[in-house]
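Enquirer: how does the following fold in three dimensions:
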Amino acid sequence: MSTRRTLIAGAAAALLTGRLSARLPAEATESSLRDALRRCVEAWNRHDVPAWAETLTEDVRYSSGVDPYRLLQGRPGVAGQIGELVRTTDLAWDIVRLRMRSDSTATVVVRQTLAWLPKVDGRYARTAESPPAVSRWRYEGSWKLWFFTAHKESALEAMKEDGVE
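Expert: Okay, here's the model as predicted:
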């Protein structure tokens, strides 16, 4: 058997016997995830679409609370469609639940509030809250958003799938 096959077989055996466990990289902590969420919201609130888009994975899937049947896919598609919202609203995410997973992913349930600009006399023209909204993050050297929905039924379904009800 080749050395490569021996190593693969040994790793598989170690996984099966529990001697080797799947672990998140040391940098993929809850604290670093919370920082990623903060940076995502900060980029949105600077109305910096390119910086906000950098917080997304290349294969991101995104649906809004308005049209849950229109699933946007891929960073260019999401940034192109959501970019106008980034430019014209302020965003607040209050973390409701957070679940780290051993496969370098995490699910974060947030209460999302969008506030439309301009702000006049300290008040926004209009606000909308999406409780709950579900975001899924994947660690790729840094945390990146790979799934988001603010549609209530879709969010509740995702929460159930991910065990964060």
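Enquirer: alpha carbons only for contacts and neighbour counts from here, please
Expert: Noted.
Enquirer: before we move on, what SS does the residue nearest to the spatial centre of the chain have?
Expert: Residue closest to the average C-alpha location in the chain (C-alpha atoms, centre = their mean): Leu145, at 3.2 Å. Following DSSP: H, G, I helix; E, B strand; the rest coil, we place Leu145 in the strand state.
Enquirer: ok, now which ones touch it?
Expert: By C-alpha atoms under 8 Å, 6 or more residues apart in numbering, the contact set of Leu145 is Thr55, Leu56, Thr57, Val60, Ser135, Arg136, Trp137, Arg138.
Enquirer: that one and Pro118, how far apart?
Expert: 27 Å (C-alpha to C-alpha, to the nearest Å).
Enquirer: any chance of CSV for the contacts of Leu145, columns neighbour count and secondary structure?
Expert: Formatted as CSV, the contacts of Leu145 follow (neighbours: other C-alpha atoms under 10 Å; DSSP: H, G, I helix; E, B strand; the rest coil):
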residue, neighbour count, secondary structure
Thr55, 22, coil
Leu56, 23, strand
Thr57, 19, strand
Val60, 21, strand
Ser135, 22, strand
Arg136, 23, strand
Trp137, 26, strand
Arg138, 21, strand
